[in-house]
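Asker: Sharing a sequence plus its predicted fold:
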Amino acid sequence: MAVGVFDSGLGGLTVLDALTKRLPDKGFVYFGDNAHAPYGVRTADDIFNLTCAATERLWDEGCDLVILACNTASAAALKRMQETWVPPEKRVLGVFVPLIEALTERQWGDNSPPREVAVKHVALFATPATVASRAFQRELAFRAIGVDVEAQPCGGVVDAIEQGDDILAEALIRSHVEALKRRMPHPQAAVLGCTHYPLMEKVFQDALGAGVKVYSQADLVAESLADYLTRRPQFLGAGTQSKFLTTGDPAGVSNKAIQILRRKVVFEAA
Ligand code: DGL
C-alpha cells in the first residue's frame with residue numbers, strides 16, 4: 001500500500017516530487033489522466049466523474065489515502081466526493097487548504113474564526129474551471145477577512161505544457177499576467193493555483209516582478225501530508241511500492257515525466 005497521487009496529467013508530478021523528497025520512505029502511486037487532460041475546460045460533473053474513476057483505480061492499488069494533486073479536481077469535485085462518495089475507511093484530500101493556510105499564516109488544521117492577515121491583494125492564476133468554482137475564495141473566507149482576490153483563468157496553459165510547447169505556454173502566461181495586472185496593478189502575492197504552473201514558475205515570477213511573492217503548492221502539500229500521516233497513520237499501509245499509471249500513451253508520458261522529475265520513471269497503462 002502507498003499514498004495515491006492524482007492529477008489530470010503531468011502537473012501533479014510537481015507535487016509528487018516534493019512528496020518523495022519530504023517522505024522518502026513512503027510509497028506513492030501516481031495516476032495521470034493524460035487521455036482526458038486538460039480538465040480545466042470541462043464541466044463540474046465531468047470532472048467529478050473522471051476524478052472518482054481515477055480515485056477508485058488508486059484504491060485498487062491499495063491506496064486508502066488519495067491526494068488530488070490537481071486544483072481543478074480539488075475545486076470542482078472534492079467537496080462533492082467527500083460529502084457523497086468517499087467511504088469512511090478511505091480519505092481523499094486536496095491541495096487548496098495547505099496553500100491557503102500558508103497564505104493566511106495558520107498552522108495546519110487551525111479552524112479558528114477568520115481574522116485579518118498581512119496580505120491584502122492576492123492574484124490567483126488557475127484553470128477556467130477552478131476560477132469558476134470560486135473554491136479558493138470560499139476557503140479563504142473561512143480563514144481571513146479583508147483579502148482582495150483577483151482571479152485570472154489561464155486558458156490554454158495546461159494544454160501547452162502537456163504538449164511540451166513551452167514557447168506557447170510562456171506567451172500565454174505573459175498575456176494572462178498582463179490581463180490580471182490591468183485589474184490589479186500591484187498584487188502583493190500570487191498563487192499558482194494549478195499544479196502544472198510551477199513548471200513555468202520563473203515565467204510567472206518574471207512577468208509579475210520580483211516584488212510579488214509567488215506561492216506554489218508542492219512543498220506546502222508535502223509538509224501538510226507529513227503532518228497528516230503523523231496524526232492519522234492508519235491511512236498509510238506498510239508497503240513502499242511506487243508506480244506510475246497513465247490513461248495516455250505510457251511511452252510518451254514517461255518521456256515528458258523524465259524531463260520534469262529529472263530521473264527515470266516508467267509509466268504503465270492504467
Ligand atoms: N494540474 C491541474 C490543476 O492543478 C490541471 C488541470 C487541467 O487539466 O486543466 O488544476
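Answerer: Thanks, I have it. Numbers count the residues shown, from 1 in each chain.
Asker: Which residues are in contact with the nearest residue in space to Glu105 that is not next to it in sequence?
Answerer: On the basis of CB to CB, 6 or more residues apart in numbering, the spatially nearest residue to Glu105 that is not a chain neighbour turns out to be Val117, at 5.8 Å. Placement of C-beta: from N, CA and C, glycine included. For Val117, the residues meeting the contact criterion (CB atoms under 8 Å, 6 or more residues apart in numbering) are Leu103, Thr104, Glu105, Ala144, Gly146, Val147.
Asker: any idea how far the second one is from the ligand?
Answerer: From Thr104 over to the ligand the distance is 20 Å, taken as CB to the nearest ligand atom, to the nearest Å.
Asker: Let me see the contact set for the closest residue to Pro250 other than its chain neighbours.
Answerer: Beyond its immediate neighbours in the sequence, the residue positioned closest to Pro250 (CB to CB, 6+ apart) is Phe267, lying 4.3 Å away. Residues in contact with Phe267 (CB under 8 Å, 6+ apart) are Gly32, Phe244, Leu245, Thr246, Pro250, Ala251, Val253, Ser254, Ala257.
Asker: between the residues you listed, which has the most around it?
Answerer: Most neighbours among the contacts of Phe267, by other CB atoms under 10 Å: Gly32, with 31 neighbours.
Asker: Tell me the bridge partners for the closest residue to that residue other than its chain neighbours.
Answerer: In space, not counting the residues next to it along the chain, Gly32 is nearest to Thr246; the distance is 4.6 Å by CB to CB, 6+ apart. Here Thr246 shows beta-bridge partners Gly32, Ala269, assigned using DSSP bridges.
Asker: Could you list which of the contacts of Val117 belong to strands?
Answerer: Residues from the contacts of Val117 lying in strands, with DSSP state E as the criterion: Ala144.
Asker: Pull out the buried members of the contacts of Val117.
Answerer: Buried members of the contacts of Val117, counted by 16 or more other CB atoms under 10 Å: Leu103, Thr104, Ala144, Val147.
Asker: With pLDDT as extra columns, can I get those residues in CSV?
Answerer: What follows is the buried ones among the contacts of Val117, written out as CSV (pLDDT from 0 to 100):
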residue, pLDDT
Leu103, 91
Thr104, 90
Ala144, 95
Val147, 96
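Asker: which one of these sits closest to Tyr39?
Answerer: Within those, distances to Tyr39 taken as CB to CB reach their minimum at Leu103, with 23.4 Å.
Asker: Quick one: residues contacting the closest one.
Answerer: Val117, Val119, Val122, Leu140, Ala144, Ala189, Val191, Tyr215.
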